[in-house]
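[1] predicted model follows, preceded by the sequence.
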Amino acid sequence: MTDQLAGTGTLLRLALRRDRVMMPVWILLTTLLVVSMPGSLGSVYATAAERARAAASMNANSSMRALYGPVFGDSLGALTAWRGGVYAAVLAAVMSLVIVVRHTREEEETGRQELLSAAMVGRRAPLTAALLAALAADAAVALLIAGGLAGQGAPGALALGLAVAGTGMLFACTAAIAAQLTESARAAKGITAAALGAAFVLKAAGDAGTQGGRSALTRVSPLGWLENVRAFAAERWWVLLLFAAAVAVQAGAAYVLAGRRDLGMSFLPSRPGPAEGRLGTAGALARRLQRGSVLGWSAAFLTAGVVFGGMADGAADLVGDNDRTREIIERMGGSGGSGGSGVLTDAFLATMAGMFGMVAALYAVASVLRLSGEESGQRAEPLLANAVGRLRWAGGHLAVAFGGSALILLLAGLGLGLGHGRGLGAAIGATLAQLPAVWLIGALAALLYGAVPQYAAAAWAVAGGVLALGWIGPALNLPQGVLNLSPFAHLPRLPGAQALDWTPLLALTALAVALTAAGLGALRHRDMIA
């Protein structure tokens with residue numbers, strides 16, 4: 001067994017060096033989401049009586065329970081665990097799955113692992129190094145959360161930090177299994193992301209139907225385990241054993257699978273076949289390659305739209321007379337006016353439309369960077385060796401990226417309108433108004449790929465930064481100049497009473513077209529990866 005772990009230390013140092021930028025950014029964003037909450041919530045609910053009323057109101061609202069889970073206490077620490085715990089865990093899970101897949105399946109897919117394995121590297125060393133890198137990142141998150149919230153109560157801070165880190169490690173091990181099952185890094189990430197989405201849906205469904213996190217659906221979801229740790233509210237330390245058991249079982253399964261397959265192979269091989277009929281063009285092939293991703297995002301956006309649309313009418317009741325909460329919602333939604341329930345409902349819908357737009361930017365980046373994966377995996381070379389030009393090849397994938405963005409936002413607006421029960425056209429218009437900013441971020445990814453392919457992954461940092469600004473910026477009362485760094489800050493906030501201003505929409509669209517053209521021009525003249 002020792003021989004199979006040979007070289008683990010060297011591979012771990014290599015992984016940490018390669019992730020020396022990405023990993024700290026993820027860790028800080030995840031931590032900031034949690035440790036910034038007490039100050040923000042303290043300004044909203046200044047007294048114990050206000051916090052108690054808010055907790056009772058949130059627990060009585062099935063939609064809020066589905067979104068955030070139940071509130072188990074009225075302290076600032078308990079409200080912080082309620083408001084940020086699940087979403088910090090989701091960020092930790094995404095960070096962990098990216099780390100593990102990047103240093104296992106992606107290394108095999110690009111051929112780098114074959115070169116490393118020619119040296120003294122054991123069969124299970126790459127998997128061990130990847131899991132240790134994820135463990136280091138999750139441990140850092142746990143320590144920073146525990147330290148940042150210690151003032152609210154050390155036991156609760158430690159429990160929340162360990163629960164978030166445990167969720168991250170659980171999905172790191174899920175990603176390790178997925179990396180053994182499939183030949184594609186993209187598919188491995190998709191499988192793990194689907195498992196994470198299923199965990200959220202189970203938790204949401206269980207919490208919506210039953211108070212107190214007692215539903216069977218909640219209890220089978222790892223995200224439900226996190227809320228049942230009950231940080232800052234008579235902690236249930238034994239729940240953390242569930243995370244440890246799940247990590248041990250999944251890690252063991254991943255190690256068994258890793259020892260039973262050849263390098264570069266998988267248990268679910270891809271299905272090769274000639275590009276015939278409808279796949280006779282580069283554009284048709286791009287659509288075929290990305291259709292699974294488009295369908296998955298479409299289903300997720302439509303479902304989420306229905307859920308959030310159903311919450312819209314409850315926004316005014318939840319806010320009540322709390323001016324600070326009203327200010328945050330209106331600032332995120334960009335609505336002005338007298339502050340009545342209609343204005344708050346419009347502001348809530350506008351906020352949700354904006355969030356859909358920022359998440360859609362992640363889809364756009366992933367879809368555009370499929371070009372990089374095709375090139376580095378040497379699957380583009382056979383196409384370009386025939387009568388297929390670079391612009392036609394790249395244009396097919398960009399059409400899927402930009403067209404797919406429009407489709408998923410259209411479905412999100414449809415879901416919002418159906419869930420809300422009225423204003424279907426306004427809801428669709430609100431989500432489609434996010435398209436110019438989404439296209440701009442996708443165009444920036446195209447420019448980076450075309451001009452400096454070695455830095456194309458930096459587009460993820462841009463999309464992540466925009467999401468962080470829109471997610472926590474208004475709650476932290478960041479200066480408007482900082483919020484304006486995001487292209488979404490310049491879009492009209494719809495639905496609302498304000499008149500539609502076409503100027504920023506046209507300006508952002510024109511800039512997106514220019515950046516895309518520049519990226520294609522650079523791709524046309526640079527060398528392809530050998």
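    Now that the structure is in, tell me what you want to look at. Values in this document were obtained by computation on a predicted structure and should not be read as measured data.
[2] helix or strand next in line after the helix or strand bottoming out on mean pLDDT in the chain, which one?
    Every helix and strand in the chain was compared by mean pLDDT, DSSP states H and E; the lowest is helix 323-333, with a mean of 54. Counting by DSSP states H and E, the next helix or strand C-terminal to helix 323-333 is helix 341-368.
[3] against which helices or strands is that next one packed?
    Contact here means 3 or more C-beta pairs under 8 Å, 6 or more residues apart in numbering; DSSP states H and E; on that basis helix 341-368 packs against helix 282-311, helix 314-319, helix 323-333, helix 390-420, helix 424-432, helix 435-451, helix 458-472. In this view, the C-beta of every residue, glycine as well, is placed from N, C-alpha and C.
[4] how about CSV for those helices, with mean neighbour count and distance to Ala60 added?
    Compiled in CSV, those are given as follows (neighbours: other C-beta atoms under 10 Å; distance: least, C-beta to C-beta, whole Å):
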stretch, mean neighbour count, distance to Ala60
helix 282-311, 19, 13
helix 314-319, 19, 10
helix 323-333, 20, 16
helix 390-420, 22, 20
helix 424-432, 21, 26
helix 435-451, 26, 36
helix 458-472, 19, 26
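[5] and the ones you listed, which one's lowest on average pLDDT?
    Mean pLDDT is lowest for helix 323-333 out of the helices and strands packed on helix 341-368, coming in at a mean of 54.
[6] what does stretch 135-152 contact?
    With contact meaning C-beta atoms under 8 Å, 6 or more residues apart in numbering, stretch 135-152 is reached by 16, 19, 23, 26-27, 30-31, 34-35, 38, 75-77, 80, 88, 92, 95-96, 99, 154, 156-158, 160-162, 164-166, 168-169, 172, 232.
[7] same question for stretch 504-517.
    Contacts of stretch 504-517 (C-beta under 8 Å, 6+ apart): 398, 433, 435-437, 439-440, 442-444, 446-447, 487, 490-492.
[8] same deal with stretch 231-238?
    72-73, 75, 77-78, 80-81, 85, 152-153, 155-157, 159-160, 163, 228-230.
[9] drop anything exposed from the contacts of stretch 135-152.
    Among the contacts of stretch 135-152, those scoring as buried are 16, 19, 23, 26-27, 30-31, 34-35, 38, 75-77, 80, 88, 92, 95-96, 99, 156-158, 160-162, 164-166, 168-169, 172, 232 (criterion: 16 or more other C-beta atoms under 10 Å).
[10] restricted to helices, list those.
    Judged by DSSP state H, the subset of the buried ones among the contacts of stretch 135-152 located in helices is 16, 23, 26-27, 30-31, 34-35, 38, 76-77, 80, 88, 92, 95-96, 99, 156-158, 160-162, 164-166, 168-169, 172.
[11] and the residue in the chain sticking out farthest from the centre, helix, strand or coil?
    In the chain, Ala387 marks the outermost C-alpha relative to the chain mean, sitting 37.9 Å out by C-alpha atoms, centre = their mean. What DSSP: H, G, I helix; E, B strand; the rest coil gives for Ala387 is coil.
[12] next one: it from Gly190, what distance?
    Here Ala387 is placed at a distance of 32 Å from Gly190 (C-beta to C-beta, to the nearest Å).
[13] contacting residues around stretch 281-297?
    So stretch 281-297 is in contact with 186, 190, 194, 275, 278-279, 360, 363, 366-367, 370, 374, 383, 388, 392-393, 395-397, 399-400, 404, 407-408, going by C-beta under 8 Å, 6+ apart.
[14] now do 7 Å
    190, 275, 278-279, 363, 367, 370, 383, 388, 392-393, 396-397, 399-400, 404, 407-408 (C-beta atoms under 7 Å, 6 or more residues apart in numbering).
[15] also stretch 214-230?
    Against stretch 214-230 from outside (C-beta under 7 Å, 6+ apart): 69-70, 72, 85-86, 89, 159, 163, 167, 170, 199-200, 202-203, 205-207, 209, 213, 235-236, 239-240, 242-243, 246.
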